[in-house]
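>>> Below are the sequence and a predicted model; questions follow.
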Amino acid sequence: MSDDTRQISRKQFVEELLRYRRGSVSRRHFLGITGLGLATAILGQAVPGLRPRPAFAQDLGDTLNFTTWPNYFDQANLDQFTKDTGVNINVAVFGSNEEMLAKLQAGGTGWDVLVPTNYTISTYKSLDLIEALELAQIPNFIESDHDTRFIGEAKIDGAIYAVPKNWGTTGYVVNTAKVEGEMTTWKQFWDRTRDDLSGLVMVHDYQLTTIGNALKYFGYSFNSIDPGELAEAEKLLIEAKPHLFAINSDYQPAMRAGDAVMSVAWTGDASQLKRDIPEMHYVLGKEGGEIWTDFYAIPKGAQNRPAAYAFINFMLDPAVNAKEVKAHGYPSTDKRTSALLPQEVLSDPILYPAQELLSALEFGAAATLTDPNRAELMARFKSA
Amino acid sequence: MRWYVVAIYVFLYLPIALIVVFSFNAGRYAMDWQGFSTEWYFKAFANPFAMKALRTSLVVALWTAVLATMLGTLAALGLERMQGWPRRAFDALIYVAIMVPGVVIGIATLIAFVTVFDAVNPFLAGLFGDAAPQLAMGLPTIIGAHVLFNLAVVILIVRARFAGLDRSLIEASEDLYATPFGTFRQVVLPMIFPAILASFLLSFTFSFEDFIIAFFVSGPDSTLPIYIFSSIRRGITPEVNAIGTVVLAASLSLLVIAQFLLRDRNARRPAPDKAA
Amino acid sequence: MRQGRRTGTTALLVGPAAAFFLLLLVLPLAVVVIYSFGERGAAGGYSPAFTFDNYLSLATRGQAFLNTLLLAPLGTLLCALVAFPLAYFLAVKTSPRWRTMLLVLIIVPFWASQLLRIYAWLLILGNRGIPSLLDLLGMDGVRLINTRFAVLLGMVYGYLPLMVFPIYVSLEKLDKRLLEASADLGAGAWGTFRQVTLPMSIAGVATGSLLVFILLMGEFIIPALLGGGKVFFIGNALVDLFLQSRNWPFGAAIAVSMVAIMLATIALYMRFMLGRSGLRQQALV
């Protein structure tokens, strides 16, 4: 802005103004010098050749467009990367993998790094939306240091399409200061939503977890695409809808403000909430639910590929990654990162739930992402 | 009655007061007052993406206002000379353009752009190989959709003014052997100028404030409303309030300047009237 | 000869705008109509077909249509009711010295980002805003946010200025002497209002209502922010179909239906409100 207004200095402006007031200059002339000067200056910005180019830091460029989920990184780490490389990071936050896919399919996103969840990678690959990673540029990724259970879906036909960011679970968070009784199951979640917690509960704006956890109410698979089972889940969802506070994947603000007292939640949001409000309690439904891994991936045709690789490599540096874990509260898949974490993190039951709870969980299935019935069910639920 | 009016103004300004007050919040969450600070203003101005979004919005709004006003004014003048079915067809287009909601314009132009780009890009690639230029969403697509959205309004505004014109002046000018362009410049233009100015300001404002159309056709370029929408999702900080406050202050100062200029003109005008 | 040049000039004047309308309005709308008969692609998007299924399943978005067709007219009506006294006060009761400033103060909110202003309402209506004040007064557990009330309030707030201006303009033209004459002839305040003021301002009310109604029908952001995903408008259903469930053909069918409904409603409205009084021209510009 300041560059644009400099087209006519303040002194000149005042002189013109005085001349104008004395009447020795027409209003048109005055506007021409002041207003139009500004206008042409701004229009000139649109013509690439006229714009001064900032000096490039190394050959990484000066920009990185990073697309991720809410409350999912340590700002200090991003700042450090900018300080080290001169690359500014533009963070865009999305509510669901479905939304990311829709944007990528429409094309022209301008993204350089995105954070897809395990069940989306095969679809991205088959639609030719992400590139096979050049692992030589990500030396901090050492495959053998990651549990194969968490990274299997990133490997297709021998090539790696995404490297793991962290893993986590999807349960629900309860504000025990306002909710009485012990909560342990999805059945309780949906029953109490329609009962004493009416108007105080949130679910994700996201087919996978919202439909999946409704399916869990009946003991069906989280990933079911069986029409009969989906019909039952839809009935439950439509019944519950008037009792919800909101359908939104960013539930921290409402939970903090007390607008909502219970919400479907991911590991990290639960740990962030508990850090500030000890009464926040994280529940993994006994019936099961979702376990997942999020990855870093690079879309086909990314404009800032060198910066994207540098950024991913930076974030996978165990020291940086450990800081990430401490900030966002999701467990790492990387042994070397976990080795740097303090004992109180490693023994936190939110990050590392008991084995019997974990073994009931399912990874999201790729079929759910593209299944038209689940997509339409979610859309009907929202517009009901 | 007076109290009613006061209540309406409070209603209109309560949210704005909140935005301004919390732009000076030292804490990082909205509505969680941690003390007075101006640091978010410095952060906002140092944030390259916020500034780029602001610049993009200004560029888009200016191009939109210039193009929509120019094309709309020309069309309004041309329409005056048209009769019969072409005129009726054009009128119908204008009304359809006004009645189609922004969200539909956004979606329709998105689909059309994607379809055209998907058809043209392989052709370009075949023609030029790897270095082929690729058509993609960006500033031109936003500007195009915004101009469309404003064009019809501009035509209506200018035409309304033109319809109220005293035709005898134009005839007089023609009788005095002025060229058509001379008549336009010396007679028509000054008379429709207020309408042109109003059109320009309106188009600028609509474009600058638009979220929904840009949301669909912006591609990688964020406009300010898209940036703000993204910030709301990211967890809004006082930085966004600071940007909003700066934009508001800038428009207010422009307004004060305009008011000052107009008053100056009005103050001088009565004198010759009285003398006459 | 002269006629030919005249036609040429006219074509030059109208041509660019016509090209814009054809390329960015007619063509895209035609594509939308074609898409509306297609099928959802395997991974979403569009796949060519000819089917009426999309139109047949419109009923699944019944609630969104209902919300829109209920709240948009209601919002328009509330806007008009709130705006009229204000416009009347500004046009008739305010001294010219204050008038300009008060008028300007009505437009100013437009320049503070609409998104931010609506977001501010989210805070005002949220648990820590008005409900916590009501709590102090002993009214416990009042919920305002994510309700139809919140959406309606946001709509009136967002579009009030667009309603005030046309009404103000029509009232300002009102000759004060008419009011005096009416009073002199023994009409009461109410009589004067009903016989003189109201008929004179109908054109302004009609223009403002049309403007606000059109914008409200396509509203997305206010229900999205103040409705919490619970009060869905057609605009939200559309965005959802394009940016979440990726069913472009169905979205196209909804868009086509929406435009059809708007054209029908507005045609009806014009005939009803304005047809008789011959105000059509006046109201539209």
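That came in fine, so what should we check first?
>>> for the strand or helix carrying residue B:65, the distance to its chain's centre please.
Using DSSP states H and E, residue B:65 sits within helix B:48-80. In terms of CA atoms, centre = their mean, to the nearest Å, the centre of helix B:48-80 is found 6 Å from the chain centre.
>>> Now do the SS call for the residue in the stretch 1-150 of chain A that chain B sits nearest to.
Chain B sits closest to residue A:110 of the stretch 1-150 of chain A, with a gap of 2.0 Å, by CB to the nearest CB. Heads up, the C-betas are built off the backbone N, CA and C, glycines and all. Classification of residue A:110 by DSSP: H, G, I helix; E, B strand; the rest coil places it in coil.
>>> Ramachandran coordinates for it?
Backbone torsions of residue A:110, given as degrees, to the nearest 10, read phi 80, psi 10.
>>> Quick check: chain neighbours aside, which residue is closest to it?
Computed as CB to CB, 6 or more residues apart in numbering or on different chains, the closest residue to residue A:110 that is not its neighbour in sequence is residue B:220, at 2.0 Å.
>>> Tell me the spacing between that neighbour and residue B:233.
Per CB to CB, to the nearest Å, residue B:220 is found 17 Å from residue B:233.
>>> Sketch out the strands for the chain, chain order is fine.
Went with chain A since none was named. A:63-68, A:88-93, A:113-114, A:155-156, A:159-160, A:163-175, A:201-203, A:244-247, A:262-266, A:280-283, A:289-296, A:361-363 (DSSP state E).
>>> you looked at the wrong chain, it should be chain C
C:39-40, C:46-47.
>>> quick one on the thing from earlier: and the strands of chain A, which one's lowest on average pLDDT?
The minimum mean pLDDT among the strands of chain A belongs to strand A:88-93 (a mean of 89).
>>> which regions of chain A lie under the pLDDT threshold?
Residues of chain A meeting the criterion pLDDT under 70: A:1-58.
>>> do that again at 50, thanks
For chain A, applying pLDDT under 50 flags the ranges A:1-7, A:13, A:17, A:23-25, A:27-57.
>>> Which segments of it make up each domain?
Chain A is divided into the following domains under automatic domain parsing: A:2-50, A:63-165+A:293-339, A:168-291+A:357-383.
>>> okay if I get those as a markdown table plus mean neighbour count?
Shown next, in a markdown table, are the domains of chain A (neighbours: other CB atoms under 10 Å in any protein chain shown):
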| stretch | mean neighbour count |
| --- | --- |
| domain A:2-50 | 13 |
| domain A:63-165+A:293-339 | 20 |
| domain A:168-291+A:357-383 | 20 |
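>>> Distance to residue C:91 added to those, as a markdown table?
Formatted as a markdown table, the domains of chain A follow (distance: least, CB to CB, whole Å):
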| stretch | distance to residue C:91 |
| --- | --- |
| domain A:2-50 | 28 |
| domain A:63-165+A:293-339 | 46 |
| domain A:168-291+A:357-383 | 42 |
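>>> Report the central residue of chain A.
residue A:69 (0.9 Å; CA atoms, centre = their mean).
>>> and that residue, what is it in contact with?
A:93, A:94, A:95, A:115, A:249, A:294 (CB atoms under 8 Å, 6 or more residues apart in numbering or on different chains).
>>> Report the closest residue of the stretch 151-276 of chain B relative to chain A.
Chain A sits closest to residue B:220 of the stretch 151-276 of chain B, with a gap of 2.0 Å, by CB to the nearest CB.
>>> And that residue, how far from residue A:94?
From residue B:220 to residue A:94 the distance is 15 Å (CB to CB).
>>> can you check residue C:219 too?
On the measure of CB to CB, residue C:219 and residue A:94 end up 22 Å apart.
>>> Likewise for residue A:358?
The value you get for residue A:358 to residue A:94, if CB to CB is used, is 27 Å.
>>> Likewise for residue C:13?
46 Å.
>>> so residue B:203 sits right up against residue B:70, yeah?
No. Using CB atoms under 8 Å, residue B:203 is not in contact with residue B:70, being 10.3 Å away.
>>> ok so, going back, dump the contacts of residue A:69 to a markdown table, plus distance to chain B.
Listed next are those as a markdown table, based on distance: CB to the nearest CB, whole Å:
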| residue | distance to chain B |
| --- | --- |
| A:93 | 5 |
| A:94 | 8 |
| A:95 | 7 |
| A:115 | 14 |
| A:249 | 9 |
| A:294 | 17 |
